[in-house]
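Asker: 3D, please:
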Amino acid sequence: MERWISETIESVLSQKGDFEIEYILQDGGSTDKTVEVFKDYKARLEQNQIPLLCKKITMIVAPEKDEGPFDAINKGFAKATGDFYTWADADNTYAQGALAGLAAVLTAFPDIQWLRGYSSTMDEAGHRLRLKQSAVYRQDWLQDGIYGMEAYFVQADTVFFSAALWNKVGPIPSEYKRAGDHWLWMQMAKYAPLWCVNLQTTNYRKRQGQLSMESRATQERWLARPKRSLKAWGARLFFSPQSRMAPRGEKFFLWLYPLLFMRGKHRTQYIDFENGVPVKKWAKTFIIGDNPSYADIPETLYQPH
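Answerer: This next block holds a predicted model:
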């Protein structure tokens, strides 16, 4: 990750707001300069050579062998002391204002244990490919492992959760090398709803060799959820043609979804911002916002901070 780690680090250190950041690099034995680059930023931060824009940033280097990405995540969270956790690959970045926006949400609604924003996708060179609008998630579908199988994914880099919630369900079992996040969402959904926030939080880099792109990731999702329920069949019957017909059939599917899946107790709220203040709103369909649309939005180059 030597090629991208500086952009990743700078996107964290440039977060501005009334919060503290504990930034742990969990490294399983890199042979490039990833750890060296992180240590350089750590030294510069401690020598006040990097301006501090939030209350405090602590950078911790933890080089130790692991059994894969999710074992590394377990090891990192075992060291963490903060109130809320998230993880990021060393080639992804955080959007400006992401942590301030989430901090505002958690201050306004302290009962929230689990929330996510939305992400843009960029290529290896940092060109933004698409801007993804956030979706809402049914609690029962999360518990049944439908998202990421029959319906859209819960994108891991956009998700933040309380230490208390992690301690209820973690660590992620060691047999998961590629789909541990899928298992984790199923477990967390047993205890708390996933709140979606109309806020860009991350930039996800799409590149060759990502483990989540391999067929074994799908096999592991079946390990987490071996059977397809009637609800899962219903979701598949809806989202399979929806994905093939997008964006031509966009309006039809956005209209049809609430008629089929948002009745009664399955109506879903999300969090928006009005004049910078977080507010709860009722979702009109599975894509959030006042004018929901899932069309790709081309954007300019990602600019490192």
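Asker: next structured bit after the helix or strand encompassing residue 38?
Answerer: When elements are assigned from DSSP states H and E, residue 38 belongs to helix 34-46. Going down the chain from helix 34-46, the next helix or strand is strand 54-63, by DSSP H and E.
Asker: and that next one, how far from the chain's centre?
Answerer: The chain centre lies 20 Å from the centre of strand 54-63; the measure is C-alpha atoms, centre = their mean, to the nearest Å.
Asker: Tell me the strands beside that strand, with direction?
Answerer: Paired with strand 54-63 in the same sheet, following DSSP bridges, are strand 17-27 (parallel).
Asker: now the angle between helix 34-46 and the strand it pairs with, please.
Answerer: 150 degrees (axes from the mean of the first three to the mean of the last three C-alpha atoms, to 10 degrees).
Asker: Tell me how many other residues crowd the closest residue to residue 30 other than its chain neighbours.
Answerer: Closest residue in space to residue 30, ignoring its immediate chain neighbours: residue 1 at 7.3 Å, by C-beta to C-beta, 6 or more residues apart in numbering. From N, CA and C alone the C-beta is placed, and that goes for glycine too. Neighbour count of residue 1, defined by other C-beta atoms under 10 Å: 18.
Asker: who's in contact with residue 1?
Answerer: Taking C-beta atoms under 8 Å, 6 or more residues apart in numbering, we find residue 1 in contact with 8, 30, 32, 34, 89, 90, 91.
Asker: And the helices in the stretch 201-305 of the chain?
Answerer: Applying DSSP state H, counting those that start in this stretch to the stretch 201-305 of the chain gives helices spanning 215-224, 230-245, 250-261.
Asker: okay if I get those helices as CSV plus mean neighbour count, distance to residue 60 and mean pLDDT?
Answerer: Formatted as CSV, the helices of the stretch 201-305 of the chain follow (neighbours: other C-beta atoms under 10 Å; distance: least, C-beta to C-beta, whole Å; pLDDT from 0 to 100):
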stretch, mean neighbour count, distance to residue 60, mean pLDDT
helix 215-224, 15, 29, 87
helix 230-245, 15, 40, 94
helix 250-261, 15, 43, 94
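Asker: which residues does residue 189 contact?
Answerer: Listed by C-beta under 8 Å, 6+ apart, the contact set of residue 189 reads 139, 142, 143.
Asker: Likewise for residue 108?
Answerer: If you count contacts by C-beta under 8 Å, 6+ apart, residue 108 has them with 277, 278.
Asker: same deal with the one 5 residues further on?
Answerer: Residue 113 is in contact with 161, 162, 164, 165, 191, 192, counting by C-beta under 8 Å, 6+ apart.
Asker: What about these, which one has the most neighbours?
Answerer: residue 161 (22 neighbours).
Asker: Would you confirm that that residue belongs to a helix?
Answerer: No: assigned with DSSP: H, G, I helix; E, B strand; the rest coil, residue 161 falls outside any helix and is strand.
Asker: Phi, psi for the closest residue to it other than its chain neighbours please.
Answerer: Of all residues not flanking residue 161 in the chain, residue 114 sits nearest, at 4.6 Å (C-beta to C-beta, 6+ apart). With angles defined as degrees, to the nearest 10, residue 114 sits at phi -160, psi 120.
Asker: start at 53 instead
Answerer: New numbering, starting at 53: the last item is residue 166.
Asker: ok so, going back, for the helix holding residue 90, packing partners?
Answerer: helix 57-65, strand 69-79, strand 106-115 (3 or more C-beta pairs under 8 Å, 6 or more residues apart in numbering; DSSP states H and E).
Asker: picking that back up, list just the nearest of the contacts of residue 241 to residue 93.
Answerer: residue 194 (35.9 Å; C-beta to C-beta).
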